[in-house]
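Chemist: Next one to model:
(2 chains)
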Protein chains: 2
Amino acid sequence: MGEERRLRDLWAEARELSLGTSGCVDRLDAPPSPLRFLRDYVSANKPCLISRAATRGWPAVSLWSDDAYLRRALRGHAVSVHLTPHGRADSLVPLPSARGRGGGLCFASAAVRSMDFSEALELITATGSPSSPTVAYAQQQNDCFRAEYSALAGDVEPDVPWATEALGRLPEAVNLWIGNGRSETSFHKDHYENLYAVITGEKHFLLLPPTDVHRLYVRHYPAAHYVLDDGGELRLELEQPERQVPWCSVDPYPETAEALAEQREAFPLYFDGPKPFECTVKAGEILYLPSMWFHHVRQTPDRHGRTIAVNYWYDMQFDIKYAYFSFLQSIDYTLPPCKPSAKV
Amino acid sequence: MGEERRLRDLWAEARELSLGTSGCVDRLDAPPSPLRFLRDYVSANKPCLISRAATRGWPAVSLWSDDAYLRRALRGHAVSVHLTPHGRADSLVPLPSARGRGGGLCFASAAVRSMDFSEALELITATGSPSSPTVAYAQQQNDCFRAEYSALAGDVEPDVPWATEALGRLPEAVNLWIGNGRSETSFHKDHYENLYAVITGEKHFLLLPPTDVHRLYVRHYPAAHYVLDDGGELRLELEQPERQVPWCSVDPYPETAEALAEQREAFPLYFDGPKPFECTVKAGEILYLPSMWFHHVRQTPDRHGRTIAVNYWYDMQFDIKYAYFSFLQSIDYTLPPCKPSAKV
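Modeler: Below is the predicted model of the structure:
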């Protein structure tokens, strides 16, 4: 049997046996018991979305859409803000030297600035406008909630109790994300079990299981990062010495019909395979995003122009599932090379 | 990277990450909590052996080595007994037509006779002698404990409570096995989570994880079964119409040095790969034998010449692990064809 046929059978079988073929994520009306969560979701490596009942009693859900509350609580606190020209950090953009010449791509990280929280909040709101030449996103995936936002610690649970009991450990990191509607996270996976709570606004996830790894065309791209110059403008610089980063090549939402046609041609396994799971997480809801699942995230802001989320990363178990994934990924299957495109 | 290299990396990685590299099975001094059992063993698809504490309070452990007790309890009950010339039912033996001519192999099932329990018990004991031309094994993998041995129901738990809670369901089947030291079960896998309790005597398991499927050389063999002729002799007959059965080709314990050399040559991935997990289950202990694991079983009888075991089959979850396995198995990797040998 041909390799492509076998891979397609795998994508289909994972859905037919366990994940579902509708492209929808299981919705639970109440937090699951630890045993059920472990049996039906973690062990099965299958996502689920828990209703607002998941955050019942968290003061954050009512307090964090109030600017005055946040400013007061975080007065004088410095926080990390990621700056990009378009809202896409950790994503593929044209190489700086090839700008405008249709050349290759690089993996671009945001410029990170530490600033007073109230300044950050204003910047996030202001840069939500499509005319703003930069987009600000307060986030830092290094346990930033506990490190930078400890003043808000009492507003959410320090962990997700049923997940902590199921997984037999406390979260390794808790991160806070404050963004506007322009921020977008490109397809990637994390080596953590992820409990993702949206506090205000909405997050829109596209999800693909690890069985679908070949559909993302993970390739190596040179690392680059944005730098703020003296005039406050962002400039993209390749890292020196050069460093290669493996990253998913697919952009599921290209901005033009022409770019979509290029993506379809370059990445047919993504576009003609089973549709990704789609899931909108609303304020107060928690998504269980299983380890090793590829996810792409966009957001809709609340009436103040912001989406705020807290996510809990729990160490994953590197068990037989990971060994299977690693074997699958080692199969170097791709259709003939092609010319990918990217948003600028 | 070559296919064999990638398979070998998979076998190694599953062991290094999760299963262990010692070839030993985790030993637990007490039954695990349902959460721990689910998290550390079922979800990880990893075996464990629970000490005698697992069957504390089961009257069977003291009662079933007493012939008089068993005869009294089962007086007048008919039970199913499997008869073979050598103790190996559901195993590969030379084709009946090719006997003595070094031809191919077939998959041979036992002759099954229903007989009074006391007759069965005598037969099992008597046929334990190496000079006996038949070997009797009381077993029937169709929930036989609950069907044929209901008179003994009060002597064991109807289920394994911590497993029932972890798996969220009652056992689908409970089987009883009464054999002598000559019975041997060839490598195979079951689509069940298996809790295997030894009551008297010992069982010796060789275990290989599902990641190692290519090492067992699963091939198709014509189905045959033993038939008792009028003189009480066993005769092997091919099924008509012919039916092909996929079965593991490897015999881990060939009887002669010559047969071993043939096995090594025919099945190098088994003999030169990581050694199988070895586990002896003693009276009162319970082995968790995860779904899809290949297992080969031999036994040491108690002082009455018998090994008695009860196993609980719980339905497995067909989740992403199964999809990965199915993909792995679809890779048709074998070294060049070879001439296998078998015990007669």
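Chemist: Show me the helices in chain A, by range?
Modeler: A:3-14, A:34-36, A:60-63, A:67-73, A:117-126, A:144-148, A:161-167, A:257-266, A:268-272, A:320-329 (DSSP state H).
Chemist: Of those, which stretch is the most buried?
Modeler: Comparing those by mean neighbour count (mean count of other Cβ atoms under 10 Å in any protein chain shown), helix A:320-329 comes out on top with a mean of 22. (Each C-beta comes from the backbone N, C-alpha and C, glycine too.)
Chemist: Tell me if it is near chain B.
Modeler: Yes. Contact of helix A:320-329 with chain B (Cβ under 8 Å from any Cβ of the partner chain) involves A:320-328.
Chemist: ok, back up a step: in terms of mean pLDDT, which of the helices of chain A ranks lowest?
Modeler: Among the helices of chain A, helix A:144-148 has the lowest mean pLDDT, at a mean of 84.
Chemist: so where's chain A shaky on pLDDT?
Modeler: Along chain A, the model assigns pLDDT under 70 to residues A:1, A:98-103, A:335-344.
Chemist: how about the residues of the stretch 101-250 of chain A that lie near chain B?
Modeler: A:165-168, A:209-211.
Chemist: if you set the cut-off to 10 Å instead, what comes out?
Modeler: A:165-169, A:209-211 (Cβ under 10 Å from any Cβ of the partner chain).
Chemist: For residue A:105, list each beta-bridge partner.
Modeler: Beta-bridge pairing of residue A:105 under DSSP bridges involves residue A:94.
Chemist: Now do residue A:298 against residue A:307, distance only.
Modeler: The gap separating residue A:298 from residue A:307 is 9 Å, by Cβ to Cβ, to the nearest Å.
Chemist: intersection of neighbour lists for these two?
Modeler: A:179, A:181, A:183, A:202-204 (Cβ atoms under 10 Å, 6 or more residues apart in numbering or on different chains).
Chemist: Let me know how buried the residue in the stretch 51-200 of chain A that chain B sits nearest to is, in neighbour terms.
Modeler: Taking Cβ to the nearest Cβ as the measure, the point where the stretch 51-200 of chain A comes nearest chain B is residue A:168, at 5.8 Å. Using other Cβ atoms under 10 Å in any protein chain shown, residue A:168 has 16 neighbouring residues.
Chemist: show me what contacts the nearest residue to it once chain neighbours are set aside?
Modeler: Leaving aside its chain neighbours, residue A:168 sits nearest to residue B:39 (5.8 Å; criterion: Cβ to Cβ, 6 or more residues apart in numbering or on different chains). Residue B:39 makes contact with A:34-35, A:38-39, A:42-43, A:166-169, A:317, A:319, B:32-33, B:166, according to Cβ under 10 Å, 6+ apart.
Chemist: now, among the residues you listed, which is nearest to residue B:334?
Modeler: residue A:319 (27.2 Å; Cβ to Cβ).
Chemist: one step back: need the helices of chain A in JSON lines with distance to residue B:312, can you?
Modeler: Shown next, in JSON lines, are these (distance: least, Cβ to Cβ, whole Å):
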{"stretch": "helix A:3-14", "distance to residue B:312": "28"}
{"stretch": "helix A:34-36", "distance to residue B:312": "18"}
{"stretch": "helix A:60-63", "distance to residue B:312": "45"}
{"stretch": "helix A:67-73", "distance to residue B:312": "55"}
{"stretch": "helix A:117-126", "distance to residue B:312": "57"}
{"stretch": "helix A:144-148", "distance to residue B:312": "44"}
{"stretch": "helix A:161-167", "distance to residue B:312": "24"}
{"stretch": "helix A:257-266", "distance to residue B:312": "51"}
{"stretch": "helix A:268-272", "distance to residue B:312": "42"}
{"stretch": "helix A:320-329", "distance to residue B:312": "22"}
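Chemist: Residue B:282 is nearest to which of those helices?
Modeler: It's helix A:320-329; of these, that one is closest to residue B:282 (Cβ to Cβ) at 26.9 Å.
Chemist: Next, the angle from that closest one to helix A:3-14.
Modeler: 150 degrees (axes from the mean of the first three to the mean of the last three Cα atoms, to 10 degrees).
Chemist: returning to that earlier point: quick check: the gap between the residue nearest to residue A:168 and residue A:286.
Modeler: In terms of Cβ to Cβ, residue B:39 sits 20 Å off from residue A:286.
Chemist: try residue A:276
Modeler: Taking Cβ to Cβ, one finds residue A:276 at 20 Å from residue A:286.
Chemist: what about these two, which has more around it?
Modeler: Each of residue A:276 and residue A:286 has its neighbours counted (other Cβ under 10 Å); residue A:286 has more, 26 against 21.
Chemist: who does the more buried one bridge with?
Modeler: residue A:50, residue A:197.
Chemist: quick one, phi/psi of residue A:85?
Modeler: Backbone torsions of residue A:85, given as degrees, to the nearest 10, read phi -80, psi -10.
Chemist: Now it: closest residue in space, sequence neighbours ignored.
Modeler: residue A:234 (5.1 Å).
Chemist: Tell me the bridge partners for the one you found.
Modeler: Going by DSSP bridges, residue A:234 forms beta bridges with residue A:228.
Chemist: List the contacts of it.
Modeler: Contacts of residue A:234 (Cβ under 10 Å, 6+ apart): A:83-86, A:108, A:110-111, A:133-135, A:225-228.
Chemist: Compare the residues you listed and tell me which has the most neighbours.
Modeler: residue A:108 leads the contacts of residue A:234 on contacts (other Cβ under 10 Å) with 30 neighbours.
Chemist: does that residue really touch residue A:94, like I thought?
Modeler: Yes. Residue A:108 is within contact range of residue A:94, at 9.4 Å (criterion: Cβ atoms under 10 Å).
Chemist: That'll do, ta.
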